[in-house]
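S.K.: Here you go, sequence then predicted model.
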Amino acid sequence: QVHLAESGGGSVQAGESLRLSCVHSGPTDGRYCMGWFRQAPGKERDWVAQIGQYTQPSYADPVKGRFTISLDYAESTLYLQMNSLKPEDTAIYYCATGICPILGVPDIVAWGQGAQVTVSS
């Protein structure tokens, strides 16, 4: 059974950076992608980015050019480097996995516990 454990959330000022990490444990399968979603208060959970062994990184429009997703296969760890953060990036960020591509909540088979990111203006 897959288990995803996140770390790295926090509170920053607008324009600053944060990096989220997500350690994957359990069976692996090259058909599966990993990705990040986020959910702001009172809003739906939205897709942020995805990556896979045979899938190039892709990003939601609001984060393109500011966020970078990467995957360290040796450490089984997914990262999300977030630069030039904006107040509208404030949300709980969730690590997730599912069969590629993962572009929406219905594609996900396992979730991390979530990490709060708060960006102040």
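M.R.: Looks like it arrived, so ask away. Numbers count the residues shown, from 1 in each chain.
S.K.: and the residue most central in space within the chain, what helix or strand is that in?
M.R.: Closest residue to the average C-alpha location of the chain: residue 36 at 2.2 Å, with C-alpha atoms, centre = their mean. Here residue 36 is covered by strand 32-39, with elements defined by DSSP states H and E.
S.K.: what are the pairing partners of the next helix or strand after that strand, and which direction each?
M.R.: Where DSSP H and E defines the elements, the next helix or strand beyond strand 32-39 is strand 45-52. According to DSSP bridges, strand 45-52 has the following sheet partners: strand 32-39 (antiparallel), strand 55-59 (antiparallel).
S.K.: any idea how far residue 57 is from the residue nearest to the centre of the chain?
M.R.: Separation of residue 36 from residue 57 (C-beta to C-beta, to the nearest Å) stands at 11 Å. Bear in mind the C-beta positions are built from the backbone N, C-alpha and C, glycine included.
S.K.: Now the common contact residues for these two.
M.R.: 49, 50, 69 (C-beta atoms under 8 Å, 6 or more residues apart in numbering).
S.K.: What residue, apart from its backbone neighbours, is nearest the first one spatially?
M.R.: Right, residue 49. Excluding its sequence neighbours, the residue lying closest to residue 49 (C-beta to C-beta, 6 or more residues apart in numbering) is residue 69, at 4.1 Å.
S.K.: just to revisit the earlier point, could you tell me which residues within the strand holding residue 36 count as buried?
M.R.: Using 16 or more other C-beta atoms under 10 Å as the test for burial, strand 32-39 gives 32, 33, 34, 35, 36, 37, 38.
S.K.: now swap in stretch 79-97 and tell me
M.R.: Buried positions in stretch 79-97, judged by neighbour count with 16+ other C-beta under 10 Å: 79-80, 82, 85, 89-97.
S.K.: would you list those residues in CSV and tack on pLDDT?
M.R.: Shown next, in CSV, are the buried residues of stretch 79-97 (pLDDT from 0 to 100):
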residue, pLDDT
79, 98
80, 98
82, 98
85, 98
89, 98
90, 98
91, 98
92, 98
93, 98
94, 98
95, 97
96, 97
97, 96
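S.K.: so of those residues, which ones are in strands?
M.R.: Secondary structure defined by DSSP state E assigns 79, 80, 82, 91, 92, 93, 94, 95, 96, 97 of the buried residues of stretch 79-97 to strands.
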